[in-house]
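Student: mind folding the following:
(chains A, B, C, D, E and F)
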Protein chains: 6
Amino acid sequence: MTEESWLPTLKTETPEEGYKLAVKLARKAVGMTQPDESVRKKLRPVYANNADSLTFASQVVAIHFQTVAAANNYWNN
Amino acid sequence: MTEESWLPTLKTETPEEGYKLAVKLARKAVGMTQPDESVRKKLRPVYANNADSLTFASQVVAIHFQTVAAANNYWNN
Amino acid sequence: MTEESWLPTLKTETPEEGYKLAVKLARKAVGMTQPDESVRKKLRPVYANNADSLTFASQVVAIHFQTVAAANNYWNN
Amino acid sequence: MTEESWLPTLKTETPEEGYKLAVKLARKAVGMTQPDESVRKKLRPVYANNADSLTFASQVVAIHFQTVAAANNYWNN
Amino acid sequence: MTEESWLPTLKTETPEEGYKLAVKLARKAVGMTQPDESVRKKLRPVYANNADSLTFASQVVAIHFQTVAAANNYWNN
Amino acid sequence: MTEESWLPTLKTETPEEGYKLAVKLARKAVGMTQPDESVRKKLRPVYANNADSLTFASQVVAIHFQTVAAANNYWNN
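Tutor: Numbers count the residues shown, from 1 in each chain, chains lettered A, B, ... in the order given. From the prediction side, this is the model:
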């Protein structure tokens, strides 16, 4: 049996779920570059308390949300 | 009953409302990364008084506005 | 009577007007994040005399110009 | 008689001219934010001798080139 | 016989494989700019332990994922 | 006779060649902003040994690769 994919589809039922998927996509690359969860946990308070770091994180979500929204035809169907 | 979604649709009546939605989308990811409102309140004067931080915030809005504008077919219909 | 919208449409007659609209869209988010005009005035000489800040401002205009140009079908009609 | 527009069209004959137009579009916003040419001249050696500033300038050109290339249907006609 | 291409196609079977390809595309340019693997290895702990560097890496993946997803018609076929 | 264009077309035979073209497009703007090759050579070790500068260079390539890939219809024909 194959492992379940972390990203089986870009389709979501609603825009809100699409946004959640964008957040997941943004975090995934961080996890792939820094696979050590203990390091990521140490870094979290650093960027979660820095205004520009939070904006930066939001920017990556915005880029992925463009992709997810297009994949769902902007939930217009 | 289900909670009301914070993002039921990407459709807006006007470009101006679309822009407001883009601002909302930009802020949402910040709130998801730093859910503690008291921290966000402390950070606010930091970036609201820094020119580059303001430009950065504006950039994330610009990315989301691309998405919202496309979702509304640029309000051409 | 309703107040006049600051963004009634993304349509412009010419590419040059579209560019001006992109500048307006870029500045609007700054004004929404820092509504105090006196603060924005103090910040202006800071970024207007910094090369990277100017490039950053130009980048946000570039993103909005993509949106405005697409909304106008690149003024090809 | 009206002044000649600095941006009468996004159409260019060739990709190379389209790239030049993208450079022009990137510089225009800088000139609109800092209209004083003497200041811009002083800033020029600062960013022209800084690797990241050069990359940043190149990035804004890249964003505008996306727009210009799309406006010209990638010069495929 | 020709060497095998590192990028024979943008097509992938699944979104997850598309994401992996986006990561590969992001890393490739780094390798082309800094071909010395020993240098890249020294730099790795620097950015893998810096929150903003990780976000930055994630951003480049996001841009490439847009391309790969569009190339695959968002895996909707 | 006219000089040969550095950018006669956005068309490439393969995705790999398209990626190379994206790298060329990214570097061109740097050369136009800093035409002095001796300066660019001095700057090269600076950014080639800095993790964020490498990521930044990779980001500009990613933006151009979007354009080149779209121009080639993602090499699907």
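Student: need the residues of chain A near chain B, please.
Tutor: Chain A comes close to chain B at residues A:14-16, A:19, A:23, A:47-52, A:54-59, A:61-63, A:65-66, A:69-70, A:74-76, as judged by Cβ under 8 Å from any Cβ of the partner chain. Where C-beta positions appear, they are placed from N, C-alpha and C, glycine not excepted.
Student: buried subset of those?
Tutor: Buried members of the residues of chain A next to chain B, counted by 16 or more other Cβ atoms under 10 Å in any protein chain shown: A:15-16, A:19, A:23, A:47-48, A:50-52, A:54-59, A:61-63, A:65-66, A:69-70, A:74-75.
Student: local confidence estimate at A:Pro45?
Tutor: You'll see A:Pro45 listed with a pLDDT of 93.
Student: swap in A:Met1?
Tutor: pLDDT at A:Met1 comes out at 51.
Student: for chain D, what's its nearest residue on chain A.
Tutor: A:Ile63 (12.6 Å; Cβ to the nearest Cβ).
Student: and the gap between that residue and F:Thr9?
Tutor: As for A:Ile63, its distance to F:Thr9 is 28 Å (criterion: Cβ to Cβ, to the nearest Å).
Student: and the closest residue to A:Asp52 other than its chain neighbours, how far from chain E?
Tutor: Excluding its sequence neighbours, the residue lying closest to A:Asp52 (Cβ to Cβ, 6 or more residues apart in numbering or on different chains) is B:Ser53, at 5.7 Å. Applying Cβ to the nearest Cβ, to the nearest Å, the value for B:Ser53 to chain E is 13 Å.
Student: neighbours of B:Ser53, just the number please.
Tutor: Applying other Cβ atoms under 10 Å in any protein chain shown, we find 20 residues neighbouring B:Ser53.
Student: check the offset of stretch A:36-54 from the chain's centre.
Tutor: Here stretch A:36-54 is found 15 Å from its chain centre; the criterion is Cα atoms, centre = their mean, to the nearest Å.
Student: next helix or strand past the lowest-mean-pLDDT helix or strand in chain A?
Tutor: Comparing helices and strands within chain A by mean pLDDT, DSSP states H and E singles out helix A:37-48 as the least confident, with a mean of 95. Counting by DSSP states H and E, the next helix or strand C-terminal to helix A:37-48 is helix A:51-71.
Student: output the contacting helices and strands for that following helix.
Tutor: For helix A:51-71, the packing partners by 3 or more Cβ pairs under 8 Å, 6 or more residues apart in numbering or on different chains; DSSP states H and E come out as helix A:15-33, helix A:37-48, helix B:15-33, helix B:37-48, helix B:51-71, helix E:51-71.
Student: looking at these, which is closest to D:Val39?
Tutor: Nearest of the helices and strands packed on helix A:51-71 to D:Val39, taken as Cβ to Cβ: helix B:51-71 at 15.3 Å.
Student: got the CA positions of the closest one in PDB?
Tutor: Taking Å, rounded to 0.1, in the frame of the first residue of the first chain, the C-alpha atoms of helix B:51-71 are listed here in PDB:
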ATOM      1  CA  ALA B  51       8.200  52.700   5.500                       C
ATOM      2  CA  ASP B  52       9.500  49.400   4.100                       C
ATOM      3  CA  SER B  53       7.100  47.400   6.400                       C
ATOM      4  CA  LEU B  54       4.200  49.400   5.000                       C
ATOM      5  CA  THR B  55       5.300  48.800   1.500                       C
ATOM      6  CA  PHE B  56       5.600  45.100   2.300                       C
ATOM      7  CA  ALA B  57       2.100  45.000   3.700                       C
ATOM      8  CA  SER B  58       0.900  46.800   0.500                       C
ATOM      9  CA  GLN B  59       2.700  44.100  -1.600                       C
ATOM     10  CA  VAL B  60       0.800  41.300   0.000                       C
ATOM     11  CA  VAL B  61      -2.500  43.100  -0.600                       C
ATOM     12  CA  ALA B  62      -1.400  43.500  -4.300                       C
ATOM     13  CA  ILE B  63      -0.900  39.800  -4.700                       C
ATOM     14  CA  HIS B  64      -4.300  39.000  -3.200                       C
ATOM     15  CA  PHE B  65      -5.900  41.700  -5.200                       C
ATOM     16  CA  GLN B  66      -4.700  39.900  -8.300                       C
ATOM     17  CA  THR B  67      -6.600  36.800  -7.200                       C
ATOM     18  CA  VAL B  68      -9.800  38.600  -6.200                       C
ATOM     19  CA  ALA B  69      -9.800  40.700  -9.400                       C
ATOM     20  CA  ALA B  70      -9.400  37.600 -11.500                       C
ATOM     21  CA  ALA B  71     -12.100  35.800  -9.500                       C
END
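Student: cheers, nothing more for now.
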